[in-house]
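1. fold the following, please.
(2 chains)
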Amino acid sequence: MNPWVLALVSVLLLLVIMLLNGSMIIYMLRKVLGHMHLRLGPTELGPAGIAQLIPDIVKLLVKEDRHPNKTDRWMYVIAPILVFVPGLMAYAAIPFSEDLIAADLSYGLLMTIGFLSIIPMGIFAAGIASYNKYSLIGAMRSIGASISYEVPLILSAIVPVMLAGSLNLREIVLAQADSIWFIIPAFPSAVIFFVCALMETANVPFDLAEAETELIAGFSTEYSAMRFGFMYLTEFSNNFIVGALMVVLFLGGWTLPFVPSELIEPIAPVIFVLKTYIMIFLFMTVKGSFSRFRVDQMAALGFKVLVTTALIWALIFGVGYKIFLMSVGGGV
Amino acid sequence: MGSWIKRTLDDMYTGFAPGLDPDQFDGYDLQGWLSPQPPEGIVTPRNLRRLKQAPGMLETDHFLLNLGPSHPAMHGALRMIVELDGEFCLSSEAHVGFLHRGIEKLAEKNRYNAIGTLMDRGDYATGIMGEWALARAVEKLGEIEVPQRAEWLRTVAAEVNRMTSHYLWLGPLGLDSGAMGPFLFMMRDREMGLEMLEALTGSRMMFNYVRPGGVAFDWNQESEDKLLVYLENADKYLDEHWTVLMDSEFFQQRVIGVGVVPHEMALSFAATGFIARASGIDWDLRRDRPYGYYDKLDFDVLTLEAGDIWARAIVRFDEMKQSIRMLKQLVEMGPPPGEFMAKLPRVLRLPEGEVYDCVEGARGELGVHLYSTGGDTPYRMRYRPPIQFHLAIADTIAPGQWLADALLSYGSFDFCFGEVDR
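-> Got it, this is the predicted structure:
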């Protein structure tokens, strides 16, 4: 097939997946938080209120797209795109099954994390361009958060990479299918990765950038209609990406332990998506339970605790793994 | 904020008595009491700036941020202008008066029985307390004997109302710190208390239940059933709140050591209620100047020294437990027999005179000052709002904190702007 057509089809498919994910996660968040808070969440439209999504999205589509005065017009327009496009690109390297990957890159992990780290730039642009002090504070907080979680995020992903010997997400999963899930040898890394994932998705203990009771809506205060919708949707669909990374790096991707791969093969994407949604459910239970960190407390957690722990653990694990390999006669 | 308090007090005392020449009377000297200089050890904008201008510190630009009057973190119509350096709060200025309805002036045109409805609209979260303070002032001036049954009913209603008000504080405090769950848990419990009050008084907020001389309605079976259901669950639910909110380290790290009100400051700013008790002032009107049924009840008053938000939360949490204890004792005693309303003329006329009386409201000492020249309406009425004095404290301690902490500590004073603005 023509490679251009193939690329176009896979981008469109990813777009559909992203939009579906974003809206499903919004619905799921309402239901999960509702039940955690002694409420029911949406109930009226459709079975269990699932059709509530349609009027919500239609509302975002048909609302007036307002430009406040005194905004930096160019940056104001480009910021939602800067948020949305990396959010879509980050889906490219995620392996839903052994064959179902949009772009099977040998450096897939780096690319995914790299695209995720562009999103705070878009948020920063939105905050700067809005000409609003609340947005500005939210944008600064977002950058502050970004520099405090990204280093430990990558450092904690190093250990599975060492074990698999590859940056390709598919090969990391296959390495786990051959041996054990990496959460068992690399449990501290998984914990650090989970905390960083909470920071990345701006879930409640770390939702400083849009702290509802302090900054109203943070960086998105001045946005309306679909521009707001893009940022909102990306934020929720990010949950899926970090959840999927967690599943790929530590929880064996589409594989299941003690089940032969022939049985799994036809339903591999279903297993992968289910596992990812279990991770998202965990994020949501955290979101519904805890209080927010303060700016300095979050920076202290990122720099003092997470970076240090991740570095020391990576060092200990690297040396230990090397010694283990040499003792069994493998040698890398 | 201090200037606002001074102004209302000046307004109260200068030219207060009829026939007094305002030019001759230069008012009470309040300057010494309401010291414009905050006590030692408080970071003021001035010394903070000096601190930041010290060699080696990076000098950055400051900006003003307007918070409110309609802002999700503002509990009521408070407008607050903060000067920020990054996220660091350098100074803060509270602007009040967005909910001013002239309650004190309206009271001059209303008969004593009708003022109670205005008191409900003062402190709207605890209507019973305001009504009770007014009723006590009227009864003191008119030397009206209140039946014991009415005192019992007032005490029950006041304690339930105190708990509903405390829920409305602790939940939003969690919400301010980012925890949304506890707020909705507490709304469930508050609903049970409000249902009981509805059965007793016929209203959920604007009760108009406590009247001069007694109460409006007698004890009934429905309210007793609802109170028993409430008491059955209240202890269990309080333990739940402890687990969900107070015992969470995420919440504790936000509130411990934040928004500290030192002991001397609480004294010099006339703090009462839970603010005073959290700062080491052992003072509770229910125990120290008993009224209603409180002298027959067995309860403890918790006093802590720390003065931070956490101490306030603990003090209030304990108050809720004591309220449950008191309500259980009251239910056990049962309402004493007799009338629930004293025999009074239809139009109440009070003799000439001046009187002040107060109750321990949910937020502090809630008092009413009446000046009567005879007749069926007061010549002047003044409402003593505890929160207005606490607002001056909140305004003073906000500088030198992070923006997030400043908002949290503002919220921790439990403002009710119906009362501040009147």
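
2. all helices for chain A, in order.
-> In chain A, the segments counted as helices under DSSP state H are A:3-36, A:53-62, A:73-89, A:108-116, A:119-129, A:133-164, A:169-178, A:187-200, A:212-215, A:225-250, A:261-264, A:268-289, A:295-300, A:308-328.

3. could I get the buried residue list for the longest one?
-> When you say that, I think you mean helix A:3-36. A:11, A:14, A:17-18, A:21-34, A:36 (16 or more other CB atoms under 10 Å in any protein chain shown). All C-beta atoms are positioned from the backbone trio N, CA, C, and that covers glycine.

4. and that helix with chain B, contact?
-> Yes. Helix A:3-36 reaches chain B (CB under 8 Å from any CB of the partner chain) through A:33, A:36.

5. avg pLDDT for that helix?
-> What helix A:3-36 shows for mean pLDDT is 86.

6. repeat for the fifth one
-> For helix A:119-129, mean pLDDT rounds to 88.

7. and B:I397, how many neighbours does it have?
-> Other residues lying near B:I397 total 25 when counted by other CB atoms under 10 Å in any protein chain shown.

8. isn't it right next to B:A266, touching?
-> No. Using CB atoms under 8 Å, B:I397 is not in contact with B:A266; the gap is 10.7 Å.

9. tell me which residue is most central in the chain.
-> Using chain A. Geometric centre of chain A, nearest residue: A:V242, 3.0 Å, by CA atoms, centre = their mean.

10. switch to chain B, that's the one I care about
-> Geometric middle of chain B (CA atoms, centre = their mean) lands on B:R363, at 2.5 Å.

11. you'd agree A:E44 is up against A:P55?
-> No. Contact between A:E44 and A:P55 fails when scored by CB under 8 Å: they sit 10.1 Å apart.

12. neighbour count: these two, which is higher?
-> Neighbours around A:E44 and A:P55, counted as other CB under 10 Å, are more numerous at A:P55. The numbers are 10 against 7.

13. near chain B, which residues of the stretch 201-332 of chain A?
-> Proximity of the stretch 201-332 of chain A to chain B (CB under 8 Å from any CB) is limited to residues A:204-205, A:207, A:211-214, A:216, A:288-297.

14. is it possible to mark the buried ones in those residues?
-> Among those, those classed as buried by 16+ other CB under 10 Å are A:204-205, A:207, A:211-214, A:216, A:288-295, A:297.

15. show me what contacts the residue of chain A found nearest chain B?
-> Nearest residue of chain A to chain B: A:R292, at 2.7 Å (CB to the nearest CB). Applying CB atoms under 8 Å, 6 or more residues apart in numbering or on different chains to A:R292 gives the contacts A:204-208, A:211, B:177-179, B:250, B:254, B:404.

16. run a quick neighbour tally on B:I281.
-> Residues lying near B:I281 (other CB under 10 Å) number 17.

17. quick check: it is in a strand.
-> No. Looking at B:I281 with DSSP: H, G, I helix; E, B strand; the rest coil, it is coil, so not inside a strand.

18. what separates it from B:V359, distance-wise?
-> 18 Å (CB to CB, to the nearest Å).

19. how about B:D298?
-> 19 Å.

20. can you check A:I26 too?
-> 48 Å.

21. quick one: least confident helix or strand in the chain?
-> With no chain named, the answer covers chain A. helix A:212-215 (a mean of 69; mean pLDDT, DSSP states H and E).

22. hmm, I had chain B in mind actually
-> helix B:45-52 (a mean of 51).

23. could you point out which element follows it?
-> Going down the chain from helix B:45-52, the next helix or strand is strand B:63-67, by DSSP states H and E.

24. could you list the residues in contact with that next one?
-> The contact list for strand B:63-67, computed with CB under 8 Å, 6+ apart, reads A:133-134, A:137, B:73-74, B:79-84, B:403, B:407.

25. least reliable of the helices of chain A by average pLDDT, please.
-> helix A:212-215 (a mean of 69).

26. report the contact partners of the nearest residue to A:F206 once chain neighbours are set aside.
-> Computed as CB to CB, 6 or more residues apart in numbering or on different chains, the closest residue to A:F206 that is not its neighbour in sequence is A:M199, at 4.4 Å. Residues near A:M199 by CB under 8 Å, 6+ apart: A:145, A:148-149, A:206, A:298, A:302.

27. quick check: A:M199 vs B:L67, distance?
-> For A:M199, the distance to B:L67 equals 26 Å [CB to CB].

28. same question for A:N2.
-> From A:N2 to B:L67 the distance is 58 Å (CB to CB).

29. repeat for B:E139
-> Between B:E139 and B:L67 the computed distance is 42 Å (CB to CB).

30. pretty sure B:L90 sits in a strand.
-> Yes. Per three-state DSSP, B:L90 lies within a strand segment.
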